[in-house]
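S.K.: Just the structure for this:
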Amino acid sequence: MKKIVSWGLGGGLAIAVVGGLIWYVTTRPSVQESDIISRNGFHWHPELVIYIKGEMQEIPKNIGIGAVHQPMHTHDDPPLIHLEFQGLARKQDITLGQFFKNWGKDMRSFGTDMKMTVNGKENAEYENYVMRDRDKIELSFD
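M.R.: Numbering: from 1, shown residues only. Below you'll find the model as predicted:
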């Protein structure tokens, strides 16, 4: 009788584990191919310059560097943003908004009437802008 109970408990546990695994795989968000920037990593350097009422603002050194080294960070050479990804990188990983999250700032907290240019052309993607190597991003606030 003890063997039957043991087998019953073991079988029930196995069914629960398999069921949980199936649930996990089917409910987790999938990575869309169109969202993938790279599977093998990269090292890019967009530039970000911020002006408030015409005055250039200093972007701090070592944003994203600390106990946990973020793949998106600055060193001692702002306005360069370092995008150093070792493996899979998705669009949402390299947005301008993600940089501001790493910095601990709200992108819209610098002032009113925000304008953005990327490589000299007006751009209204703001936080959703997916940065690329050698981009020159300029934010202006009144």
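
S.K.: Quick check: can you list the domain ranges of the protein?
M.R.: Following automatic domain parsing, the chain resolves into domains at 2-30, 34-141.

S.K.: Kindly compare burial across the ones you listed and name the winner.
M.R.: Across the domains of the chain, averaging neighbours per residue (mean count of other C-beta atoms under 10 Å) puts domain 34-141 on top, at a mean of 15. Just so you know, the C-beta spots here come from the backbone N, C-alpha and C atoms, and that holds for glycine as well.

S.K.: Looking at that domain now, give me its mean pLDDT.
M.R.: Domain 34-141 shows a mean pLDDT of 96 in the predicted model.

S.K.: now the end-to-end length of it.
M.R.: From the first residue to the last, domain 34-141 extends over 33 Å; the measure is C-alpha to C-alpha, to the nearest Å.

S.K.: The nearest residue to L96 once chain neighbours are set aside and P79: what is the separation?
M.R.: In space, and not counting its chain neighbours, L96 is closest to Y129: 4.5 Å by C-beta to C-beta, 6 or more residues apart in numbering. Remark: distance between Y129 and P79 (C-beta to C-beta, to the nearest Å) = 15 Å.

S.K.: Tell me how far R108 lies from I37.
M.R.: Between R108 and I37 the distance is 25 Å, computed by C-beta to C-beta.

S.K.: Show me where the chain has its helices.
M.R.: 2-27, 96-103 (DSSP state H).

S.K.: Which of the ones you listed comes out lowest on mean pLDDT?
M.R.: Comparing those by mean pLDDT, the weakest confidence falls on helix 2-27, with a mean of 60.

S.K.: Enumerate every residue touching the residue positioned nearest the centre of the chain.
M.R.: With distances taken as C-alpha atoms, centre = their mean, the chain has D93 as the residue nearest its mean C-alpha position (2.5 Å). With contact taken as C-beta atoms under 8 Å, 6 or more residues apart in numbering, D93 is in contact with 37, 71-72, 85.

S.K.: Also N123?
M.R.: 116-117, 129.

S.K.: residues touching the closest residue to W44 other than its chain neighbours, list them.
M.R.: The shortest distance from W44 to any residue other than its chain neighbours is 3.7 Å, reached at D133 (C-beta to C-beta, 6+ apart). Contact partners of D133, counting by C-beta under 8 Å, 6+ apart, are 42, 44-46, 83.
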